[in-house]
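Student: Any chance you can model this:
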Amino acid sequence: MMLWSSAAIAAACGGTAHGEFAADGVTFDSREVVQGDLFVALNGEATDGHRFAARALERGAAGLLVSEAVDAPHVRIADTMAALNALGAAARDRSSALRIGITGSVGKTGVKEALNAALTRFAPDAVHASVKSYNNHTGVPLTLARMPTDARLGVFEMGMNHSGELAELTQLVRPHIAIVTWVASAHREFFASETDIAHAKAEIFAGLPAGGTAIIPHDNSHADLLARAAHAAGAKVVRFGLNDGADVYAEKVALHPDCSCVTARIGSEVLTFKIGMAGRHWVNNALAVLAGVQAAGGDLALAGLALADMNGLPGRGRRLRVAAGGGQAIVIDEAYNANPASMAASLAVLRDVAPARAGRRLALLGSMKELGALSDEFHAGLAPHMAEAGVAAAVLVGAEMKPLAAALGRSIDVRHVADASAARVEIARLIAADDVLLVKGSNSIQLARVIDALVTGDMTP
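Tutor: Next comes the predicted model:
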C-alpha cells in the first residue's frame, strides 16, 4: 500500500515535486533502500546524503527528498532534516494511532520490543514500532514518517544524552502514553547529577495530552520526581515495580538461569506468566510492558504469551552456544551498550547461570562511555559485582577499564587490552568447553565483532 505520494510529500514539507512518484517506505540510509522507498538525503556531520542518491536509485528508490537538483523524480526542499521532521509530523497528524513513547537509562529497547510483540498479538498487522535503536533526532522522525495511515498503535523509542533532547522528541511524537523504564547514571559526562538525568527523562511527559498516561518505575529513587513532573503535565500516573505501593507489581517472582516466572497484579487483574529473558531487570521491564498494554487497552493474557516468547535480542541478552575447546560454551550477548546499572544487571544474570561440569564464568567487558569525571569510580565499582557473579577470568577492553583492572588486582585472572581485535585474541586463548561468557560494553568498543567471531569460529586476529 502506498505510504506517500510525491504530492503528499511536497505538501507536508513545503517543497516542490519534480515528477510524480509513489513511495511505500522511507529511509535515509542508501544501504537500506528497497524497491519503492523514498530516500531522504540528509546533510550529516560526517557526510552528505546527496552523494548516495545515485546508489539509492540503483537499489530501487521510487523518489528522492533532496535540497539539490537531481535528474530523477524528487521533492526539493531547502533543508532535508527539517523536511524529515515535517514528514514525521504529517504522518502523526493523518493517523488515528494511539502512540506510546518509551525512554529510560536502561531497558528502553527491550521494553519497546516486548511491548511491540505484546500489542501485535492483540492487534495483528496494526502496530507500528521503531526498528533497531532508532531513538534519536533522526530515528524518531523517520519512524513517524514510516507509520502507515491505518496503524492502530505506534510504539516509539526515544533516547537522549543531553538535556532538552527529549523535550523536542516528545513534541514531535506527542505520545498518549509515556513510559520511563528506569533512571540511572548513563551519559553522566553531560549531567552534573543523576537527579539532572531524571529531570531530562521527565521531559517526555511534556508531550502528553491532558489526561494522558505516564508510566514510571516505582522502585527507582527518582520515582517521586518523575511523578511530580507527570502530574504537572496533567497526566495520570501509573507506577510499576516490585515493591509495595506500585499500581502494577509482582506478587511472586521466581528467577531461573534462562527465564523468570512472575505473578503480577495489574490494577484489579492478576496474571501469572513466564518471561523468556533472565534477570530481575527483565521482571521490571515486563511490569512496564504490562502497564503499557493495559493503558493501551490491550489484552494482558496475550501480553503474557508474548513475554514468554522473548528469547533474546542481538546485543541485548540473547544466548548463544559456540564451539570451544572441543565442546561448547554459552555466550550471553549484551554487546550493544553499557552503563553502570546495565553492567550490574548483566553480571547478576551471569551469576545465576551455572556452568556445566568444570566450566567457568568469564566476562568480556568493554569501557562504559560518556561517564565524565566519575568514569574511574564507576568502572572500579564493577569489581564487587564481578566477585558476586563468581567471575573466574575477565578480558577488559579500553583505557577506561584500567581502574577496574586495578580494583580486581590478582583476585581473578584479568587481561586488560586496548581494543576488540586484541580482545578476540585473548578470548580465543581463554574460552573452553562448558564455560559461560558474558560480553558487554559500550557500542563504540565493537565487542559485537568478537561475538561474530565466536559464532563463525574465526577467532584469528
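Student: can you pull out the helices in the stretch 251-400 of the chain?
Tutor: Taking DSSP state H, counting those that start in this stretch as the test, the helices found in the stretch 251-400 of the chain are 280-295, 300-309, 340-351, 375-380, 383-389.
Student: who wins for proximity to residue 136 among those?
Tutor: With C-beta to C-beta as the criterion, residue 136 lies closest to helix 340-351 of the helices of the stretch 251-400 of the chain, at 18.5 Å. Any C-beta I mention is one placed from the backbone N, CA and C, and that applies to glycine too.
Student: Taking their axis directions, the closest one and helix 280-295 sit at what angle?
Tutor: Compare the direction of helix 340-351 with that of helix 280-295 by axes from the mean of the first three to the mean of the last three C-alpha atoms, to 10 degrees and you get 110 degrees.
Student: Which elements pack onto helix 340-351?
Tutor: Contact partners of helix 340-351 among helices and strands, from 3 or more C-beta pairs under 8 Å, 6 or more residues apart in numbering; DSSP states H and E: helix 280-295, strand 327-334, strand 361-366, helix 383-389, strand 436-440.
Student: Okay, buried residues for the longest one please.
Tutor: Neighbour counts using 16 or more other C-beta atoms under 10 Å place 280-295 of helix 280-295 among the buried residues.
Student: which among those gets closest to residue 83?
Tutor: Of all the buried residues of helix 280-295, the one sitting nearest residue 83 is residue 292; the distance, using C-beta to C-beta, is 31.1 Å.
Student: who's in contact with the closest one?
Tutor: The contact partners of residue 292, by C-beta atoms under 8 Å, 6 or more residues apart in numbering, come to 100, 102, 111, 115, 118, 177, 179, 215.
Student: try residue 174
Tutor: Counted by C-beta under 8 Å, 6+ apart, residue 174 has contacts 92, 99, 207, 208, 209.
Student: and these, which are buried?
Tutor: Among the contacts of residue 174, those scoring as buried are 92, 99, 207, 208 (criterion: 16+ other C-beta under 10 Å).
Student: pLDDT below threshold where in this structure?
Tutor: For the chain, applying pLDDT under 70 flags the ranges 460-461.
Student: Show me it divided up by domain.
Tutor: Each domain of the chain is listed here as a residue range: 4-80, 95-309, 318-456, per automatic domain parsing.
Student: Reformat the helices and strands packed on helix 340-351 as CSV; add distance to residue 41.
Tutor: Written out in CSV, the entries for the helices and strands packed on helix 340-351 read as follows (distance: least, C-beta to C-beta, whole Å):
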stretch, distance to residue 41
helix 280-295, 35
strand 327-334, 34
strand 361-366, 34
helix 383-389, 46
strand 436-440, 36
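Student: And those: which comes nearest residue 301?
Tutor: Among these, if distance is taken as C-beta to C-beta, the winner is helix 280-295, at 10.0 Å.
Student: Using CSV, list the CA coordinates for the closest one.
Tutor: Taking only C-alpha atoms (Å, rounded to 0.1, in the frame of the first residue of the first chain), the coordinates of helix 280-295 have been written out as CSV:
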residue,chain,number,x,y,z
ARG,A,280,15.5,-9.3,37.8
HIS,A,281,15.8,-6.3,35.5
TRP,A,282,13.6,-8.1,33.0
VAL,A,283,11.0,-8.6,35.6
ASN,A,284,11.0,-4.8,35.9
ASN,A,285,10.8,-4.5,32.1
ALA,A,286,7.9,-6.9,31.9
LEU,A,287,5.9,-5.0,34.5
ALA,A,288,6.4,-1.8,32.4
VAL,A,289,5.1,-3.7,29.4
LEU,A,290,2.0,-4.9,31.2
ALA,A,291,1.3,-1.4,32.4
GLY,A,292,1.6,-0.1,28.8
VAL,A,293,-0.6,-2.9,27.4
GLN,A,294,-3.3,-2.1,30.0
ALA,A,295,-3.1,1.6,29.3
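Student: I'd like the distance from it to the chain centre, please.
Tutor: 15 Å (C-alpha atoms, centre = their mean, to the nearest Å).
Student: pretty sure residue 38 contacts residue 62?
Tutor: Yes: contact status for residue 38 versus residue 62: in contact at 6.5 Å, counting by C-beta atoms under 8 Å.
Student: Which of these two has more residues huddled nearby?
Tutor: residue 38 (29 against 23; other C-beta atoms under 10 Å).
Student: Quickly list what that one is bridged to.
Tutor: Here residue 38 sits in beta bridges with residue 26, residue 63, as judged by DSSP bridges.
Student: List of residues touching stretch 256-271?
Tutor: Residues external to stretch 256-271 that are found in contact with it (C-beta under 8 Å, 6+ apart): 247-254, 272-280, 282-283, 286-287, 290-291, 294, 300-301, 303-304, 319, 352-354.
Student: Report the backbone C-alpha coordinates of it in CSV.
Tutor: Coordinates of each C-alpha in stretch 256-271 appear next as CSV, following Å, rounded to 0.1, in the frame of the first residue of the first chain:
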residue,chain,number,x,y,z
HIS,A,256,15.8,-19.0,36.8
PRO,A,257,19.1,-19.1,34.8
ASP,A,258,17.2,-18.8,31.5
CYS,A,259,13.9,-17.2,32.4
SER,A,260,11.7,-15.9,35.1
CYS,A,261,8.2,-16.8,36.4
VAL,A,262,6.0,-14.0,37.7
THR,A,263,2.6,-13.5,39.2
ALA,A,264,1.7,-9.8,38.7
ARG,A,265,-1.2,-7.7,39.8
ILE,A,266,-2.2,-5.1,37.2
GLY,A,267,-4.8,-2.9,38.8
SER,A,268,-7.6,-5.3,39.7
GLU,A,269,-6.3,-8.1,37.4
VAL,A,270,-3.8,-10.9,38.2
LEU,A,271,-1.6,-12.6,35.6
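Student: can you give me how far that stretch is from the chain middle?
Tutor: If you compare the mean C-alpha spot of stretch 256-271 with that of the full chain, they lie 22 Å apart, counting by C-alpha atoms, centre = their mean.
Student: Now do the buried residues in it.
Tutor: Buried residues in stretch 256-271, counted by 16+ other C-beta under 10 Å: 259, 260, 262, 264, 265, 266, 271.
Student: Kindly report the same for stretch 170-189.
Tutor: Of the residues in stretch 170-189, those scored as buried under the neighbour-count criterion (16+ other C-beta under 10 Å) are 170, 172-188.
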